[in-house]
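> How does the following fold in three dimensions:
(chains A and B)
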Amino acid sequence: MLRVLIWLVLIMPFIAQSKVIHKERSLYRNILVEKNADLLCLKFNEKTRKSTQSCMYQSDPKKLVFNYTKMTFASLLFIDNPKNVLIIGLGGGTLSNTIHELYPNAHIENVEIDPAVIKVARDYFDFVETDSVTSKVQDGRIFIKRAALKKQKYDWIILDAFNGDYIPEHLLTKEFFAEVKSVLTNNGVVAANTFSSSKLYQHESATYFDVFGDFVNVVTDKDSNRIILAGFHAMPTEQQIAERVKRLTPKLAPYDVDMQLLSEHLFYTKGNQDWPKDTKVLTDQYSPANLLNYQ
Amino acid sequence: MNKINALIYFLAFSSGFCIMGIELLGGRILAPFFGSSVHIWGSIITVFMLSLSIGYLLGGKLSTRNPTLTKYGAIFFIASIMVIPIVMFAEPIMAFIFSHIEDSRYGSLLASMALFFIPTIILGMISPYSVRLLVTDHEKSGQVAGGLYFVSTLGSALGTIITSFYMVLAFDVNDIIKTFAAVLGALGLLAIVVSQLSVKERAVCLES
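Numbers count the residues shown, from 1 in each chain, chains lettered A, B, ... in the order given. Okay, here's the model as predicted:
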């Protein structure tokens, strides 16, 4: 009993620091906005644990908090001046805001299935919408299918629809990636925030490879997510990458994105595939992604 | 319990298993075109409930006209055939609906109708027809109906859990549905064969 009390007293200050400032129950989940000193976070609440979706330093909103968000910008080593950006999965709107600041002329379309997430992003995370930055409540798969029918094209497609606990399985199949590919311009790139552990890793790699051919894994920290970069026409030469690093470093410094570091952590799968050749590709017919993620 | 009654219970169990297995996979089938929002399940469950209700009505009506085990088997056999279009034509049907209806609520509702309405009506006919075949004494009709619902709903429970926990990990969606169709068809034939044999047996008994 005494031990429990001491323990409680010890952790008390930490509990007190983290404060829920907004709670919202949406169609899909409980959404929390938590404030911990300078850090404001968007969390999805599952009964036993909270999964953090997006965070922002209130004193320095530009500075990116998560490693995977920073790694997403490795895409810029593959394309110059994106004009049409598609983001599937809004979170706090961090990616959209950052890209808008970097490329004010770019058209950015955000697609988010949960209207409550868009609302919270607007109300608490300064999600910016303009004539050229839009958001739409829709399932990512449907959006891309319709975009393909309308022959729309994007030169930077960011897939960020997975939260820590649940994977929309229809967004992780060969057929979906083929649809993504069909709305990608010739010199465009797809960046996907994905998993780095569990049995799903191999299946996911095999599926990307099946549709896009060899791709790049961006991993700067072994314990965190990986970003897959795929769909690019050809692997840029070292010289091209060095030029882009040089050009982008000052531009991205305020966001705490280290382009040099990113350029050193691109792992091209060509001749270096780290999944067994016979790994089953995920399809609309076979996509037990959530079950595989637990194995 | 005689062998024929045991067979009827087993068939009712299997149809319950297949109905829920197919319903569960319905979510998977629709997702590529209509997403995985909550209204997808709204569409699927609505269509299944609606067709089951119609199936109960039709099955009950059919059971008043000279009910036989052969006809019972035929219901299974027809159900098996009606399940096949889900495998063969889901893709073009959904693509057509997708390109004509923007709102994924009505799109998914129409697609569920097109794919699941008819086979589920046929499968719904099985329960009341089973009750008719099993009841011999009207005092026990409630008990028989209770036992039948117990068996078929237990089948549904198992069909749901086994399909979602294990089958999707091992097989393609279409292969699972084909298996359900094959099982329904085979059980239908079995019922027809057993029915013919027992008719012959009875004829032999009468002759001697």
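
> what about the closest residue to chain A within chain B, how many neighbours?
Across chain B, the shortest distance to chain A (C-beta to the nearest C-beta) belongs to residue B:35, at 2.8 Å. Every C-beta, even on glycine, is put in place using the N, C-alpha and C of the backbone. By other C-beta atoms under 10 Å in any protein chain shown, 24 other residues sit near residue B:35.

> What is the burial count for the nearest residue to it once chain neighbours are set aside?
With C-beta to C-beta, 6 or more residues apart in numbering or on different chains as the measure, residue A:139 is the residue that lies nearest to residue B:35, at 2.8 Å, once sequence neighbours are left out. Summarising burial for residue A:139: neighbours were counted as other C-beta under 10 Å, giving 24.

> Now the phi/psi pair for residue A:139, please.
phi -70, psi 130 (degrees, to the nearest 10).

> That one against residue A:114, yeah?
No: the pair residue A:139 / residue A:114 is not scored as a contact, 10.3 Å apart, by C-beta atoms under 8 Å.

> Please enumerate the helices of the chain.
Went with chain A since none was named. Along chain A, the segments classed as helices by DSSP state H run A:2-17, A:67-72, A:94-102, A:115-124, A:140-149, A:174-182, A:200-212, A:238-252, A:259-263, A:289-293.

> meant chain B actually
Under the criterion DSSP H, chain B carries helices at the ranges B:3-34, B:38-62, B:69-100, B:104-124, B:126-134, B:141-162, B:168-170, B:173-207.

> Could I get those in JSON lines, plus columns for mean pLDDT, mean neighbour count and distance to residue A:217?
Listed next are these as JSON lines, based on pLDDT from 0 to 100; neighbours: other C-beta atoms under 10 Å in any protein chain shown; distance: least, C-beta to C-beta, whole Å:
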{"stretch": "helix B:3-34", "mean pLDDT": "96", "mean neighbour count": "22", "distance to residue A:217": "26"}
{"stretch": "helix B:38-62", "mean pLDDT": "96", "mean neighbour count": "18", "distance to residue A:217": "33"}
{"stretch": "helix B:69-100", "mean pLDDT": "96", "mean neighbour count": "18", "distance to residue A:217": "32"}
{"stretch": "helix B:104-124", "mean pLDDT": "97", "mean neighbour count": "22", "distance to residue A:217": "33"}
{"stretch": "helix B:126-134", "mean pLDDT": "96", "mean neighbour count": "23", "distance to residue A:217": "52"}
{"stretch": "helix B:141-162", "mean pLDDT": "96", "mean neighbour count": "17", "distance to residue A:217": "36"}
{"stretch": "helix B:168-170", "mean pLDDT": "91", "mean neighbour count": "15", "distance to residue A:217": "26"}
{"stretch": "helix B:173-207", "mean pLDDT": "90", "mean neighbour count": "16", "distance to residue A:217": "29"}
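
> picking up where we left off before, what's the closest of the helices of chain A to residue B:98?
With respect to residue B:98, and counting by C-beta to C-beta, the nearest of these is helix A:140-149 at 6.8 Å.

> Wait, residue A:36 touches residue A:20, no?
No: the pair formed by residue A:36 and residue A:20 falls short of the contact definition of C-beta under 8 Å, at 10.3 Å.

> Contacts only, for the residue most central in space within chain B.
Computing the C-alpha centroid of chain B and ranking residues by C-alpha atoms, centre = their mean puts residue B:123 first, at 3.1 Å. Remark: with contacts taken as C-beta atoms under 8 Å, 6 or more residues apart in numbering or on different chains, residue B:123 is in contact with B:15, B:18-19, B:52, B:55, B:79, B:184.

> Widest-spaced pair of those residues?
By the measure C-beta to C-beta, the contacts of residue B:123 have their two most distant members at B:52 and B:184, which lie 15.5 Å apart.

> For chain A, which residue gets nearest to chain B?
Checked against chain B (C-beta to the nearest C-beta), the nearest residue in chain A is residue A:139, 2.8 Å away.

> Let me see the contact set for that residue.
When contacts are counted by C-beta under 8 Å, 6+ apart, residue A:139 touches A:113, A:168, B:34-37, B:104.

> Save those as JSON lines, and put in distance to residue B:170 too.
As requested, the contacts of residue A:139 are arranged in JSON lines below (distance: C-beta to C-beta, whole Å):
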{"residue": "A:113", "distance to residue B:170": "29"}
{"residue": "A:168", "distance to residue B:170": "21"}
{"residue": "B:34", "distance to residue B:170": "25"}
{"residue": "B:35", "distance to residue B:170": "25"}
{"residue": "B:36", "distance to residue B:170": "21"}
{"residue": "B:37", "distance to residue B:170": "27"}
{"residue": "B:104", "distance to residue B:170": "30"}
